[in-house]
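Undergrad: Here's my sequence, what's the structure:
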Amino acid sequence: MKLNWKTAAAGLLLLTLIVLVIPQTARQSDHDQSKLRSSSEMQIKQQMLEQDVIMTEGLCRKQCQLKMQQVIQQFATDDQAIEPTRLEAMQQDHPHMRYLESHHDGRTSTQGTITDLPPEVKPYIELARDTVKRQRAYESPRISTKDGPYFVTAVIASHGEGYVLGAIRQQVLEHVRVEQRKNLRLVPYPSDARYGIQAADSDTLRKVDVDHPEENEDISHYYKHDVVVRFIEEPDAEALALIGEELDADEIQKTGYAYVFHSRSLTVEQMMDYFQQGHEVHYVEPHYLYVTNEAPNEPNDALYADYQWNLPAIRTETAWGLAEEGEEVIVAVVDTGVDLNHPDLKDRLVLGYNVFTEGSDAYDDVGHGTHVAGIIAAQINNYEGIAGVAPRTRIMPVKVLDETGAGSTYAVAQGIIWATDNGARVINLSLGNYAEAEFLHDAIRYAYDRDVVLVAATGNDHTESPGYPAAYDEVFAVGATDYDQSVAQFSNYGEYVDVAAPGVSIASTYPSNQYAALSGTSMASPHTAALAAMIRSVNPKLTNEQIMQLIRTTAADLGDRGHDRYYGYGQIDVGRAVEAARTSDQSIIKWSENVSRDIDRIKSRYD
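TA: Next up is the predicted model:
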């Protein structure tokens, strides 16, 4: 249910009358209570910000160690001349690795210069060297320097001599801290003076000063394109390369005595037959997946198991098999742009648009849009980083917010229209404000009338005031939930909310080949946009309105029974929704619409 202006006006008038007749002492008491609530919300948001920073630090450390481990495994088959180029390539891809050092077979190579590092970092490098001499890996605590936080880590060869050591500057922590203070409204925002921005009351347009931010049993599972092999005689680099070519392998990893081969096209059975018929091996077996009580479809993405709580929470893995058989769908991320070179995103992109500079690409200079894009479509099962929600999805980056994370109504409207005209079937809008704008609404109608599904975040001020574009009738409004399926403390709410989705400490892609954890309804919205794309992929006959209705009727009801102002119809259930979409026909959609109307009719009797 969306609020119209008459309802809002009536509510405002009633509120005004109530305020006029409340005694001064009662109003003072309300003011004091409001201040207490504001203070409490600020503390919760600050704790959430620190949680995001800590999780981002964990993502950064693990990703760096995994990349270094991959390099040291490659040294076993490299010749002497190649080793330094491995370090150089790694630093080029990860410029935050300010100093790299490797030691193998008595040879030491470096990339970067120790003298260019802050002096506080150097003792930890010495400690790392002393530690690896004892065949132990090393990881330092966070090192505070005038250039920002650093950490030093060293990984060792699984057998024999050798290590890779690195000094990593974690500027991503400060970037996340700054941007999340804006996104969670811990500071008045936007505040860039060159915009000449003036805050105003959304209903009256009266200018105001904003100086405070609150204003499975007996079954084993294995990867279907992986095998593990231990050879009787170790293959040399040439033999290993030939095996990889014959298996159509895009990755070969050595761990201890065994090799793991991942094929782009061959099944486990085909690869096992290959090794049993043509090679002398101690064994060849499937790459078994050892699990606790997790879903059997857990992907091999390096950061998934430890950090992506959000996808199991909405039963995403159960839908991937169906979605991989569907048609490709383009999702426009109308935002700050996208890191076009990120390894988890670069093969998932289509041509984008930069509203600000005609002919320029939609490169992300903030990080917000890259994070949103990763939630939707980061490549699944590539041993890299994270897994996105939706396979068979392409991201169209549309840059409508500039380097400060802000942009005009005109820019957003332009972006929506361009995306619609250029093939987007779903548009994600993790942005908004509290003022209605007819020009923006016209752009929304333009996209909606052309059967585009528009999904938007409700906002992060924990207010019932309708946020736009989320509150427009044509837009699917999404609030945020946390780990235990409670509404997130920052999430805006109201009768216009359609559903909720995970939005607390969400791990995703970040610029410069990095990963970060962010919180906000901005993170909840792309989970839902991705679900819309999956539904559209498996059943292209469904209209935008039918897709939105299907998401509502398959949501896991939370909070008050039926629709409520905090969760809408509940938290999205990806597995249930995609399965329903695959079997849906017009009669089922019509039935779901009737059920929804009945629920609303019953609920209205008690309002």
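
Undergrad: Tell me which stretches of the stretch 1-150 of the chain form helices.
TA: Secondary structure of the stretch 1-150 of the chain, counting by DSSP state H, counting those that start in this stretch: helices at 5-21, 24-74, 83-93, 122-133.

Undergrad: Which secondary structure elements does the shortest one sit against?
TA: Using 3 or more C-beta pairs under 8 Å, 6 or more residues apart in numbering; DSSP states H and E, the elements in contact with helix 83-93 are helix 24-74, strand 97-104, strand 107-111. Backbone N, C-alpha and C define where each C-beta goes, glycine included.

Undergrad: how much does the last one deviate in direction from helix 83-93?
TA: Angular relation of strand 107-111 and helix 83-93 on a 0 to 180 degree scale: 20 degrees, by axes from the mean of the first three to the mean of the last three C-alpha atoms, to 10 degrees.

Undergrad: residues of strand 107-111 that come out buried?
TA: 109, 111 (16 or more other C-beta atoms under 10 Å).

Undergrad: Around residue 134, how many other residues sit close by?
TA: Applying other C-beta atoms under 10 Å, we find 8 residues neighbouring residue 134.

Undergrad: before we move on, what about residue 545?
TA: Residue 545 has 15 neighbouring residues, counting by other C-beta under 10 Å.

Undergrad: okay, and for this structure, where does confidence drop off?
TA: Within the chain, the set of residues satisfying pLDDT under 70 comprises 1-39, 76, 78-83, 159-160, 187-224, 255-256, 287-297, 584-607.

Undergrad: could you redo the last one with a cut-off of 80?
TA: Along the chain, the model assigns pLDDT under 80 to residues 1-42, 75-84, 158-161, 181-225, 251, 253-258, 286-298, 358, 435, 584-607.

Undergrad: Just give the number of residues close to residue 471.
TA: Using other C-beta under 10 Å: residue 471 sits among 24 other residues.

Undergrad: what's the answer for residue 170, then?
TA: Neighbours around residue 170, by other C-beta under 10 Å: 22.

Undergrad: How about residue 514?
TA: By the criterion of other C-beta under 10 Å, residue 514 has 25 neighbours.

Undergrad: what residues are up against it?
TA: If you count contacts by C-beta atoms under 8 Å, 6 or more residues apart in numbering, residue 514 has them with 59, 60, 63, 94, 96, 172.

Undergrad: do you know how far the fifth one is from residue 175?
TA: Using C-beta to C-beta, to the nearest Å, residue 96 is found at 11 Å from residue 175.

Undergrad: cool, the third one as well?
TA: Residue 63 sits at a distance of 15 Å from residue 175 (criterion: C-beta to C-beta).

Undergrad: if we can go back for a sec, to residue 501, which of the helices and strands packed on helix 83-93 lies closest?
TA: Distance to residue 501, taken as C-beta to C-beta, is lowest for helix 24-74 among the helices and strands packed on helix 83-93, at 16.4 Å.

Undergrad: what's the first-to-last distance across stretch 504-512?
TA: Using C-alpha to C-alpha, to the nearest Å, the end-to-end distance of stretch 504-512 comes out at 23 Å.

Undergrad: got it, and stretch 531-548?
TA: Counting by C-alpha to C-alpha, the length from the leading to the trailing residue of stretch 531-548 is 10 Å.

Undergrad: Secondary structure element holding residue 508?
TA: Secondary-structure assignment from DSSP states H and E places residue 508 in strand 506-510.

Undergrad: what's that strand packed up against?
TA: Right, strand 506-510 is packed against helix 368-377, strand 514-518 by 3+ C-beta pairs under 8 Å, 6+ apart.

Undergrad: going on from the last one, what's the next piece of helix or strand?
TA: Translated: strand 514-518. Assigned by DSSP H and E, the successor of strand 514-518 is helix 521-538.
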